Every structure is written in structure tokens, then in C-alpha cells.
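Participant: Next comes the sequence, and after it the predicted model I'd like to discuss.
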Amino acid sequence: MNKKPEGVSTRGKTADNRLRRVDNFMLLYEPALLTRADGPFAQSMFVDLGYGFDPRTTLESAARFRKINPDLKILGVEIDKERVEAALPFADEKTLFRLGGFNLPLENGETVRLIRAFNVLRQYQEKDFVSAYDRLAEYVLPGGLMIEGTSTPFGSVWAANLVRRVESAQWSLEALVFSTNFHTGFDVEEFQTILPKNYIHRVVKGEPIFDFFEAWKRSAAETAFAKAFGLKQWFAASIDALSQKGFEVDCRKKWLSKGYLIWYL
Ligand SMILES: C[S@@+](CC[C@H](N)C(=O)[O-])C[C@H]1O[C@@H](n2cnc3c(N)ncnc32)[C@H](O)[C@@H]1O
């Protein structure tokens, strides 16, 4: 608990409901993770790492997640002392705010079911990525998840790694998720600009993420006729075409109609 927080203080910008679609994605992807009450899961927390200059996104998530689990414990973690102080007036017995870093400030016996880290690692260097992930894996219960990604300033477009904690205190890469509410249209290239840190510098020939984007762009061009029926239909058609090219993307309507692309890794 007294250990020096690992990481560096970065810009604290956030916005109302910026992460609403991230929460909605989690609620649709695995609601059972938020409601699990078996063994250590009963007391385990949702951690919002790097919530920004005030805890609005943490409190918004608390309201959303507690609709399905009123007892869910939530911990907002910030590496910036003033931002922790700004959040403390909003704390209660199940909503906690603490100073910390990638070495999470957990107290004896506390465990984690889900970590959300949004717009945090984008301000780090690529070389910091693996050590941050390794450290965070230590705290999550086997079966738990982390969603770590980057969004546009108001959250209309985002991309995130979805990783699951496996028994060996490591992460297993589960999916790369893309989200859009179509407010800025539909342009595959827009997703490239907000890729998580492990991909953003890798959209170059020879890398799988490059092939993925080339194939998605081709798929969007091939299905441009669907634009006539609206952007959502075009988005969905492009992903069907991507699937036909052999990419393991989720073509179910429950995702595509809401502007989510899940690429299973
Ligand atoms: C841009 S804000 C993101 C706020 C919010 N998550 C959002 O997406 O709107 C990033 C925040 O992460 C914090 N931060 C950076 N590194 C951190 C670390 N290792 N541990 C905890 N917080 C960190 C910064 O102090 C900053 O307030």
C-alpha cells in the first residue's frame, strides 16, 4: 500500500459519458463477470485505472454496473494526488479512490474482477506496455478481464484490447474491439488513429494489424453499396466481408447493429 506508484502522471482530460460505450460493451460482453459472487469474486472489485482530473467516468460506470450488481465494489486509481483529492468527496463504503499506479493500491485480501484503463497507456511509450500489463495481471482473479484502450475526446470512436487473466498470472489476448456511434461517419482509417499502444506504431507491412486494416478497408470499399441503407448497414456489411476473407470477427447482429467490431485473437 505504501509502495511508490508505478507510472507517470499524464494529462487528465476526460468528458461526461466518454466511456459509456465501453461500459455498455462490457455489460453486453460478459455481464456475469460483473455479477459473479462465487468465492473470492463476491468481494472483488471493478478498478478504473487513471480516471482523470475528476472521477466522473468512474461514477458513471458505478451507476451503470450497479444496475445489475448493487453491491459491486469500485476502486478508482489515480497516480496524481490532486486527482485523488478531487474524487474523495464522492467516495462511500463501496466506492473507493486511492493514489496508485500499475502496482494497484490494494489492501490485504482485496482482489479485482475487471480493470478498465482508458486513455492512460496512450501517453506512455510502447516499451512500457508489457511491464504495465504484467504488473496489472498480478491483481486480477483468474477469469477476470481488462479492457485497455484509447478513445476520441468524447468517446464516439474507440479501440481496445480485451485480455483475460489466466491461471499463470498472465493475460491471454482475447480480442481487439472497435467501437463507433457513427457520429463521425464510418471511416476505417479513423480506427487506426486511436489504436492501443501495442498496435499504433505497427500498422506497417508485415504486421498482422496492417493486414487486418488493409482487408477491412477493402471490405468497406467492396460493400460501399450498403451506404445507401445507412452507415450501420455499411459497417455490418464490411465486417461480413472481412469475415469472408478469413478474419475471426464476430458477425452477430447484437454487436454489429450497435457499432461494435470484435476481432478474436
Ligand atoms: C487522459 S486521462 C483519462 C481519463 C479517463 N480514463 C478517460 O478516458 O476519460 C489519463 C489519466 O491517467 C492517469 N495515469 C497515468 N498513468 C497512470 C498510472 N500508471 N496509474 C494510475 N493513473 C495513471 C493520469 O494521471 C491521467 O489523469
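Facilitator: Received, thanks.
Participant: need the contact list for the residue in the stretch 151-265 of the chain that the ligand sits nearest to.
Facilitator: Across the stretch 151-265 of the chain, the shortest distance to the ligand (C-beta to the nearest ligand atom) belongs to Ser151, at 6.2 Å. (C-beta placed from N, C-alpha, C; glycine too.) Applying C-beta atoms under 8 Å, 6 or more residues apart in numbering, we find Ser151 in contact with 18-19, 22, 118-119, 157-158, 194.
Participant: Now with 10 Å, please.
Facilitator: With contacts taken as C-beta atoms under 10 Å, 6 or more residues apart in numbering, Ser151 has the following neighbours: 15, 18-19, 21-22, 118-119, 122, 157-160, 179, 194.
Participant: Of those, which belong to helices?
Facilitator: 21-22 (DSSP state H).
Participant: Give me the buried subset of the contacts of Ser151.
Facilitator: 18-19, 21-22, 118-119, 122, 157-160, 179, 194 (16 or more other C-beta atoms under 10 Å).
Participant: Which entry within those residues corresponds to the minimum pLDDT?
Facilitator: Lowest pLDDT of the buried ones among the contacts of Ser151: Arg122, 94.
Participant: Let me have the buried ones among the contacts of Ser151 in CSV, extended by distance to the ligand.
Facilitator: Below are the buried ones among the contacts of Ser151 laid out as CSV (distance: C-beta to the nearest ligand atom, whole Å):
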residue, distance to the ligand
Arg18, 5
Leu19, 6
Arg21, 12
Val22, 8
Phe118, 4
Asn119, 4
Arg122, 8
Val157, 13
Trp158, 9
Ala159, 13
Ala160, 11
Ser179, 13
Ile194, 11
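Participant: how about the residues of the stretch 1-150 of the chain that lie near the ligand?
Facilitator: 7, 9-14, 18-19, 49-52, 57, 77-80, 83, 101-102, 118-120 (C-beta under 6 Å from any ligand atom).
Participant: Is there a quick ChimeraX command that grabs whichever of the residues you listed are buried?
Facilitator: Remark: buried members of these, expressed as a ChimeraX selection using 16+ other C-beta under 10 Å:
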select :7,10,12,14,18,19,49,50,51,52,57,77,78,79,80,83,101,102,118,119,120
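Participant: Neighbours of the residue lying closest to Gly259 once chain neighbours are set aside, how many?
Facilitator: Excluding its sequence neighbours, the residue lying closest to Gly259 (C-beta to C-beta, 6 or more residues apart in numbering) is Thr180, at 4.6 Å. Neighbour count for Thr180, taken as other C-beta atoms under 10 Å: 24.
Participant: List the contacts of Thr180.
Facilitator: Per C-beta under 10 Å, 6+ apart, neighbours of Thr180: 21, 152, 156-159, 186-187, 190-191, 231-232, 235, 258-261.
Participant: Which of these fall in helices?
Facilitator: Reading helices off the contacts of Thr180 with DSSP H, I get 21, 190-191, 231-232, 235.
Participant: contacting residues around the closest residue to the ligand within the stretch 51-200 of the chain?
Facilitator: Closest residue of the stretch 51-200 of the chain to the ligand, C-beta to the nearest ligand atom: Gly52 (2.9 Å). The neighbourhood of Gly52, defined by C-beta under 10 Å, 6+ apart, consists of 10-15, 18, 58, 76, 78, 80, 83, 86-87, 118-120.
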